[in-house]
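>>> Sequence first, then the predicted structure:
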Amino acid sequence: MIPSFLRLGAVATVGLTFVSSSAAQAPGTFEVVGETLVSAMMMFLGNDEKVYIIDKSEANPTQIDGHPAWGSVWDIKSRTATAMNMYTNPFCAAGMHMPNGSLAVFGGNAAVGPDGNTPKANGKTVQDPTYKDYDGRKVIRILDPCTGDSAAFGEQCAWHDDVRKLSMQSERWYPAVESLPNGDVVLIGGMKSGGYVNRNWPDDDPGRSGGGAVPTFEFFPSRGNATDMQLMIDTSGLNTYVHTYLMPSGLMFVQSYLKTILWNYEKNKETALPDMPNGVVRVYPASAGVAMLPLTPKNSYTPTILFCGGSDLKDEEWGNYTAPNVDTWERPASKDCQRITPEPLDKSEPKYEQDDDMLEGRTMGQFVVLPNGKLLMLNGAANGTAGYTTAGTPNTPAKQMPFGAGLAAGPTLQPAIYDPEAPAGSRWSKNGLSASTIPRMYHSSALLLPDGSVFIAGSNPEGDYRPDAFFPTEYRAEVFYPPYWGETRPTYTGLPEKLSYGGDAFDLTIDPASYGGDSNLAAESATVAVIRTGFSTHALNMGQRFLQLNSTYSVASDGKITLHVSQLPANANLVTPGPVLLFVTVNDVPSIGKTIIVGSGKIEEQKMLDVAVLPSSVRATNGAHGQADATAGEKDAPPAVDSQSSKGPSIGVIVGAAAGGAVALIALIALLVFLMRRRRPAPAAPVTKQISINRVRPGTTLGFQAYQPTAPPMAAFPVLGRTSPTPGSGVSPLLATKFAYPGRDGAVSPDSVYSRSIRLSEDPLARK
């Protein structure tokens, strides 16, 4: 018999009413906004209009070109999805933005057919005749995001997905990827044939597991053969989707199983850091929530990494490629949180620090960094781990597994918010946050949208499309509205076309009609930040970063606020070249984000410029105020009177609360805070804080650049806003570059050029 608390998340939708998509949405609530056509195992933001969604090859009902679709594009404004053709199986791939805004997806699984069976002929993997997918383990897929009508997208907007044209040195399933300061990326580890954990048991061939594991790293664009990485060998078994973060020094923080290192990827030299405390595993399939805390002038752009949740199963309990050695769904997930600052400013020894526990244990919980610098935790389960098995466990045959093939139970339906600036002991809160009604288990994802809401989709802990499973294949998409939703949004002018590393400052002028209250206090609260939203999959957002730009302000007598804003620090290790969302936040309320390119838009050594000295801040002396009210400015929909909100006990239990009382209480608290802030004395004198950042020369340039042969000089940047072009009107700016890479058999010339796009209806591997 299944305990009721483990079932609750799956049946909680009964008797609940969704808020209509046309109704006003209250802060802290979820809204079901449509269907994604394919289950959103992977997602990333292409531009201000589109989210790209990727599934594994499976029997999705939506068909394209005579086979099930496993790719789609979501239009943010119309809330509709359009199927996209893909050719290889991207199951559990990795992804990253490139400097010009192109999207790159690395690796995946072998070709599969119904029930995940791999088709073979003469001992070799071949195209599946039903799903028509090819082996995706070695391929590099490239896409240039487009804008406009998705249904009218031409070949330049299609996925370039041909292993003969662009491939890695090694087959990689569940690899890690991290971008580098010149726009290259490094690919780390993975499995060759895959399974639950990356080993046999007993583990008598650590790191390689008889050829099933890939304990190597390589670069894209290629720098030669893949090379062994000692950490991948030392952490045999639990070394997939490892956590990677580039540090200001140019070293890379890498966390795998219980081990942590700083890695010089140029010299392949590892420096050991302390092990993860308390035996809590954070990598897949324990799948903790992991994020870099915001990089700010206040912390001198010093990275701190936060780990929350996961699992403390013992080494032998993790089992092997086939399945765990225990019934994981009976084992509570961890709620332990740890912080580490890998490169302390005072040069002290790095160490893990106990942080506030989460309010409930979570596996597959995912952090999304919000524009106000707080971290949203959502999705996942209270028991078990990520992954699935069709073989059962030593204790439970497959047909008797209580939750289908999945290895987790007890969906955690209510999100929580972590405030990194709050005192220890008070960093987590669920106040005012409603619970979702859709379990987001294995293979779900979440992503920040330009309007500051969070897009949530996916969930399928089964080997194929299973609409009748305990936790079924999920196509419904939701949007979560953070606590600032419904407030008047700051609006501004002056955004530059691109951002540089150092260089001239720029001014952003905030309209007084777009904020309320004392203008000096509003200016004092104002921040300008860039966010890389990352590649979302498996509770990860690969590449996700938040960096606050240094700024000062001038307040005019009419309440107009001018922010004097520095470019990024002169260190491309802090935010590597490529697209980001830029937000202006006033009184904890963000503007609508705008996509902008950081750096040159090319794969090359980035130019480091002198950092401009900002003017001192100037306050108004006449008591200037913002003019925002219920009808002014760029305001979200007002809070709904009948919205559902709750504190909610753990494991997704939904407890109704009176929304009107909650709103009144929030308003009272806001009024008290406002009055207290108004009584605060003004600073004795305006102060300009200049942050000293040591320049770090980027890695060796390879001379690669992305360009469009007949395009104007800025062609590398408008990729982000490209409308659907006339078919055949050009080639991908990234793919017009000459890359050195092996073909399917390693025999393609290093000077090969992928100089044409693939038509949506074209089978690249059948092409003569």
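Structure's in. What do you need? Numbering: from 1, shown residues only.
>>> these two touch, right, Pro439 and Pro472?
No: contact criterion Cβ atoms under 8 Å: Pro439 and Pro472 do not qualify, at 9.2 Å. Where C-beta positions appear, they are placed from N, C-alpha and C, glycine not excepted.
>>> where does Ala121 land on pLDDT?
Ala121 is assigned 86 on the pLDDT scale.
>>> and it, how many neighbours does it have?
Using other Cβ atoms under 10 Å, the number of residues around Ala121 comes to 8.
>>> check contacts around it.
Going by Cβ atoms under 8 Å, 6 or more residues apart in numbering, Ala121 touches no other residue.
>>> any low-confidence regions in the protein?
Flagging of the chain using pLDDT under 70 yields the residue ranges 1-23, 629-768.
>>> hmm, 50 instead?
1, 3-5, 7-23, 630-633, 637-768 (pLDDT under 50).
>>> Please identify which of Pro439 and Pro472 sits among more neighbours.
Pro439 (28 against 19).
>>> Leaving out chain neighbours, which residue sits closest to the more buried one?
Leaving out its chain neighbours, the residue that sits closest to Pro439 by Cβ to Cβ, 6 or more residues apart in numbering is Pro411, at 3.6 Å.
>>> what's around Ala405, how many residues?
Other residues lying near Ala405 total 24 when counted by other Cβ under 10 Å.
>>> Hmm, I typed the wrong one, I wanted Asn431.
14.
>>> Surely it forms part of a strand?
No: counting by DSSP: H, G, I helix; E, B strand; the rest coil, one finds Asn431 to be coil, located in no strand.
>>> do you know how far it is from Glu270?
Look at Asn431 and Glu270: by Cβ to Cβ, to the nearest Å, they are 43 Å apart.
>>> where do the helices sit along the stretch 501-650 of the chain?
519-525 (DSSP state H, counting those that start in this stretch).
>>> So the nearest residue to Ala398 once chain neighbours are set aside versus Ala405, what's the distance?
Residue nearest to Ala398 in three dimensions, not counting chain neighbours: Gly392, with 3.8 Å by Cβ to Cβ, 6+ apart. Note on Gly392: its distance to Ala405, by Cβ to Cβ, is 9 Å.
>>> and what of Gly559?
Gly559 sits 59 Å away from Ala405, going by Cβ to Cβ.
>>> List the contacts of the spatially most central residue of the chain.
Centroid-nearest residue in the chain, with Cα atoms, centre = their mean: Asn541, separated by 2.4 Å. Going by Cβ under 8 Å, 6+ apart, Asn541 touches 291, 366-368, 446-447, 533-535.
>>> most neighbours, which of those residues?
Among the contacts of Asn541, Gln366 has the most neighbours (other Cβ under 10 Å), with 31 neighbours.
>>> what separates the closest residue to it other than its chain neighbours from Pro411, distance-wise?
What sits nearest to Gln366 in space, not counting adjacent residues and going by Cβ to Cβ, 6+ apart, is Ala539, at 4.5 Å. Distance, Ala539 to Pro411, by Cβ to Cβ: 14 Å.
>>> any common contacting residues for the two?
Gly380.
>>> Let me see the ranges of the helices in the stretch 101-250 of the chain.
Using DSSP H, counting those that start in this stretch, helices in the stretch 101-250 of the chain cover 230-234.
>>> Would you map the strands across the stretch 101-250 of the chain?
Assigned by DSSP state E, counting those that start in this stretch, the stretch 101-250 of the chain shows strands spanning 103-106, 120-121, 124-125, 140-143, 176-179, 185-188, 216-220, 227-228, 243-246.
>>> out of those, which comes closest to Ala381?
Ala381 lies closest to strand 243-246 among the strands of the stretch 101-250 of the chain, at 19.8 Å (Cβ to Cβ).
>>> Which parts of that closest one count as buried, going by neighbours?
243-246 (16 or more other Cβ atoms under 10 Å).
>>> can you check stretch 230-245 too?
By 16+ other Cβ under 10 Å, the buried positions in stretch 230-245 come out as 231-232, 234-245.
>>> what's the answer for stretch 296-305, then?
Neighbour-count burial for stretch 296-305 [16+ other Cβ under 10 Å]: 296-297, 299, 301-305.
>>> which other residues reach it?
Under Cβ under 8 Å, 6+ apart, the answer for stretch 296-305 is 243, 245, 247-248, 253, 255, 290-293, 295, 339-345, 373, 420, 547-548, 550, 569, 571, 574, 689, 691-693.
>>> how about a cut-off of 6 Å?
245, 292-293, 295, 339-341, 345, 548, 550, 569, 574, 691 (Cβ atoms under 6 Å, 6 or more residues apart in numbering).
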